[in-house]
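>>> Quick one, what's the 3D model for this:
(one chain, ligands or ions: 2)
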Amino acid sequence: MSFSSFQLPASHPLALYGWDTDWEAEFAPYAEQGLLPGRVVRVDRGLCDVVTPAGVIRADTEFVVPRDPMKVVCTGDWVAVDPEGDDPRYVRTLLPRRTAFVRSTSSKRSEGQVLATNIDYVVICVSLALELDLGRIERFLALAMSCSSGEALLHKSALSWESGAQPLGVLTKADLVPDAATLGHLVQDVEKTAPGVPVLPVSSSAGEGLDVLAAVLSGGTSVLLGQSGAGKSTLANVLIGEDVMDVRAARDVDGKGRHTTTTRNLLALPGGGVLIDTPGLRGVGLWDAETGVGQVFSEIEELAADCRFHDCAHEAEPGCAVLAALDSGVLPERRLASYRKLLRENQRIVAKTDARVRAEIRRDWKRKGAEGRAAMDAKRGRWH
Ligand SMILES: Nc1nc2c(ncn2[C@@H]2O[C@H](COP(=O)(O)OP(=O)(O)OP(=O)(O)O)[C@@H](O)[C@H]2O)c(=O)[nH]1
Ligand SMILES: [Zn+2]
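Numbering: from 1, shown residues only. Ligands and ions are numbered 1, 2, ... in the order given. Here you go, the predicted structure:
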């Protein structure tokens with residue numbers, strides 16, 4: 001099944017994709033201009049597929065792409081599309097994002113890269129086939145929180161942020177756990193590591209816990225995070241009810257016989273809700289989570305506020321509130337070690353990402369420049 005054959009019900013055609021009264025209100029001025037609302041289901045090379053009440057429209061994003069990578073149209077965005085004109089049409093406006101996953105960089109001045117937007121649930125998939133790695137769960141939680149906080153958005157662009165995404169812990173492959181008591185303990189361990197985060201064991205192969213998960217996810221737009229092999233694709237397939245995550249359609253892009261693989265990155269779930277799966281999110285180890293680390297380890301950051309020195313490294317400094325909490329047993333050793341490890345890891349990732357993002361942006365602008373020159377040459381050719 002391809003996007004263009006996607007049938008939308010006549011009544012509220014975009015409701016399936018998360019359209020609500022707030023979006024409707026936000027969109028009102030553009031509706032007056034005769035523009036169509038739509039949600040971006042895929043982006044590639046300056047073009048995107050937008051699901052609209054008139055079906056899926058291929059649209060060019062050049063009018064809404066200023067020199068700010070934070071405002072580059074992204075899977076999950078709500079946009080206004082011009083219904084007039086040839087294929088591809090044009091995206092005219094990007095509606096303010098509610099949340100966004102941003103791959104940020106260390107420098108306040110260098111730009112981040114938006115990976116997915118308007119996310120309500122960040123589903124952290126943890127395989128029960130392996131021994132629980134609480135540190136890894138904390139890492140993913142920090143990433144989930146970096147979406148919730150929306151801080152990158154507030155600091156780095158004028159786009160507004162309203163509410164955060166809710167992290168959910170999903171323990172996959174529950175069928176591999178020998179008995180209910182063991183499963184109960186595993187769930188408790190994760191709940192302790194992630195206070196306030198709902199934890200749900202599921203089995204894609206045995207069909208356990210899926211109804212509950214589907215019911216939760218029906219409330220909004222979700223992304224699945226987790227280590228490779230955690231069972232994300234399998235889970236996505238059972239939630240969607242068909243093997244779409246591996247479906248790749250070959251398309252003739254430029255009429256020159258050059259083929260590229262394409263795939264849908266945003267899907268409506270049969271029980272309601274929307275699932276986003278983008279390649280950038282898959283490479284989750286590649287982006288930073290500094291704001292998130294602070295939130296996951298908020299008790300350590302609160303303790304640190306009471307350290308005598310404001311730049312205390314909590315190593316051996318006198319008057320260190322963190323070390324005092326460690327000594328008195330209030331703060332478990334493992335938590336502090338995990339916090340330190342994540343901060344270190346984060347610094348390494350940020351350094352690497354900076355170089356990568358810079359290279360990507362350079363490449364992109366080089367390509368755009370070349371395309372622009374080619375277009376100019378073509379026009380001149382017509383005039384002479
Ligand atoms: N026993 C059991 N195995 C499962 C379950 N779900 C997935 N698996 C297996 O786990 C392996 C990895 O599953 P995937 O769905 O490919 O994992 P993934 O998280 O998408 O991995 P990446 O694509 O690398 O990110 C596969 O061999 C699946 O068959 C489950 O509920 N129970
Ligand atoms: Zn200290």
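>>> now stretch 21-31, how far from the centre of its chain.
Distance of stretch 21-31 from its chain centroid, counting by Cα atoms, centre = their mean, to the nearest Å, is 24 Å.
>>> and the protein, which residues reach ligand 1?
172-173, 175-176, 203-205, 226, 228-234, 282 (Cβ under 6 Å from any ligand atom). Placement of C-beta: from N, CA and C, glycine included.
>>> Pick the one among those residues closest to residue 323.
Checking the residues of the chain next to ligand 1 against residue 323 by Cβ to Cβ gives residue 226 as the nearest, at 33.6 Å.
>>> May I ask which helix or strand encompasses the residue of the stretch 51-200 of the chain found nearest ligand 2?
Closest approach between the stretch 51-200 of the chain and ligand 2, counting by Cβ to the ion: residue 138, at 19.9 Å. Assigned by DSSP states H and E, residue 138 belongs to helix 134-149.
>>> quick one: contacts for residue 326?
For residue 326, the contact set (Cβ atoms under 8 Å, 6 or more residues apart in numbering) comprises 333, 336.
>>> Okay, domains of this protein per the record?
3-94, 100-277 (automatic domain parsing).
>>> low pLDDT regions in this structure?
1-11, 65-69, 103-112, 147-163, 242-263, 279-291, 349-384 (pLDDT under 70).
>>> What is the longest strand of it by residue count?
Ranked by residue count under DSSP state E, the longest strand found in the chain is strand 36-44.
>>> Next secondary structure element downstream of it?
strand 47-52.
>>> What angle do strand 47-52 and the helix or strand just after that next one make with each other?
Going down the chain from strand 47-52, the next helix or strand is strand 55-60, by DSSP H and E. In terms of direction (axes from the mean of the first three to the mean of the last three Cα atoms, to 10 degrees), strand 55-60 departs from strand 47-52 by 150 degrees.
>>> could you say what helices and strands strand 55-60 packs with?
For strand 55-60, the packing partners by 3 or more Cβ pairs under 8 Å, 6 or more residues apart in numbering; DSSP states H and E come out as strand 36-44, strand 47-52, strand 78-81, strand 89-94.
>>> buried ones in that strand?
The neighbour-count check on strand 55-60 (16 or more other Cβ atoms under 10 Å) flags 55, 56, 57, 59, 60 as buried.
>>> Could you do stretch 120-138 as well?
For stretch 120-138, by 16+ other Cβ under 10 Å, it's 120-128, 132, 134-138.
>>> How far does it stretch from one end to the other?
End-to-end span of stretch 120-138 (Cα to Cα, to the nearest Å): 19 Å.
>>> next one: that stretch to chain centre, how far?
The answer for stretch 120-138 is 16 Å, by Cα atoms, centre = their mean.
>>> what separates the closest residue in space to residue 168 that isn't next to it in sequence from residue 275, distance-wise?
Using Cβ to Cβ, 6 or more residues apart in numbering and skipping the chain neighbours, the partner closest in space to residue 168 is residue 123 (5.0 Å). Using Cβ to Cβ, to the nearest Å, we find residue 123 at a distance of 9 Å from residue 275.
>>> shared neighbours of these two, which are they?
With Cβ under 8 Å, 6+ apart as the test, residue 123 and residue 275 both reach 217, 222, 223, 224.
>>> so, if you compare these, which one comes nearest to ligand 2?
Nearest to ligand 2 among these, with distances taken as Cβ to the ion, is residue 223, at 35.1 Å.
>>> what's the neighbour count on the closest one?
Residues lying near residue 223 (other Cβ atoms under 10 Å) number 27.
>>> what's it sitting at in phi/psi?
phi -130, psi 150 (degrees, to the nearest 10).
>>> Pull up the gap between it and residue 271, please.
From residue 223 to residue 271 the distance is 17 Å (Cβ to Cβ).
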